[in-house]
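Participant: could you work out the structure for the sequence below:
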Amino acid sequence: MPLVWRAPLIALGAWALGAAFVRPLTLEVGEGWLWRQAGALWSRLALWGFAGVIAGRGLWG
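Facilitator: Now for the predicted structure:
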């Protein structure tokens, strides 16, 4: 896969996985920018989208 496609997927994966791991910690605090971003719908959809890309790459080589 060319770097043009790989770089955005790396950024998406870092954000999605980071938001998934940070979300339980931010629920305790309950305020601020990070809490809003970790609980946002698009953050959760980014995790599923990234998982779909990884699964697709695994199936198609």
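Participant: from the contact counts, what lies against the lowest-mean-pLDDT helix or strand in the chain?
Facilitator: Lowest mean confidence among the helices and strands of the chain (mean pLDDT, DSSP states H and E): helix 33-38, at a mean of 75. When contacts are defined as 3 or more CB pairs under 8 Å, 6 or more residues apart in numbering; DSSP states H and E, helix 33-38 sits against helix 3-29. C-beta coordinates here come from the backbone N, C-alpha and C atoms, glycine included.
Participant: output the contacting helices and strands for the helix it packs on.
Facilitator: Packed against helix 3-29 by the contact rule (3+ CB pairs under 8 Å, 6+ apart) you find helix 33-38, helix 41-60.
Participant: list of residues touching the longest one?
Facilitator: Applying CB atoms under 8 Å, 6 or more residues apart in numbering, the external contacts of helix 41-60 come out as M1, L9, L12, G13, W15, A16, L17, A19, A20, R23, Q37.
Participant: show the average pLDDT along it.
Facilitator: Averaged over helix 41-60, pLDDT sits at 87.
Participant: that one: which residues count as buried?
Facilitator: Under the neighbour-count criterion of 16 or more other CB atoms under 10 Å, helix 41-60 has S43, A46, L47, F50 buried.
Participant: run the chain-centre distance for stretch 43-55.
Facilitator: 6 Å (CA atoms, centre = their mean, to the nearest Å).
Participant: cool, and stretch 8-27?
Facilitator: Distance of stretch 8-27 from its chain centroid, counting by CA atoms, centre = their mean, is 4 Å.
Participant: now it: buried residues?
Facilitator: G13, W15, A16, A19, A20, R23, T26.
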